[in-house]
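Participant: no sequence on this one, just coordinates:
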């Protein structure tokens, strides 16, 4: 999505780029927009009792999500629904697309990801039932491998709590 909202300006006319940019949203960003435009009460759609019982989330946003400014709104959306969110302070998981899979960069990728793994383990030690959420596929793979935990996408998290 960052490609459509930032980088395609190099390939398209200004008019075409602006049209494309206006129509591209992160999934949670789109839900927020839809909620606001339609004045929706999210309590109608999400099981607040279930959220309160198992509400601890560790959130690591993908760098592209941060680059277009929708990481914090995703965290805020979770909090609005009643989740208790711990957020990664790490800029990169170390995978960077396919970077970490390349033999010559694998060790570097792991070293970059170590701080994130430490944060996740620390959070899970305090909250063993904490759900680890990440918005990027490469982040998902890196965290699963290095932290030996399962991660889910923000939309998967929301789907678990739909009424």
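Facilitator: That came in fine, so what should we check first? Only a predicted model underlies this, so the values are computations on that prediction, with no experimental measurement involved.

Participant: Can you tell me which residue is spatially central in the protein?
Facilitator: Closest to where the C-alpha atoms of the chain average out (Cα atoms, centre = their mean) is residue 135, at 2.9 Å.

Participant: Could you pull up the contacting residues of it?
Facilitator: 26, 60-62, 65, 71, 74, 153-154 (Cβ atoms under 8 Å, 6 or more residues apart in numbering). All C-beta atoms are positioned from the backbone trio N, CA, C, and that covers glycine.

Participant: Same check on residue 100?
Facilitator: Here residue 100 is in contact with 94, 106, 109-110, 113, 138, 142 (Cβ under 8 Å, 6+ apart).

Participant: let's go with 6 Å and repeat that
Facilitator: Applying Cβ atoms under 6 Å, 6 or more residues apart in numbering, we find residue 100 in contact with 94, 109.

Participant: again, but for residue 46
Facilitator: Shown in contact with residue 46 (Cβ under 6 Å, 6+ apart): 81, 161.

Participant: Could I get the phi/psi values of it?
Facilitator: With angles defined as degrees, to the nearest 10, residue 46 sits at phi -120, psi 140.
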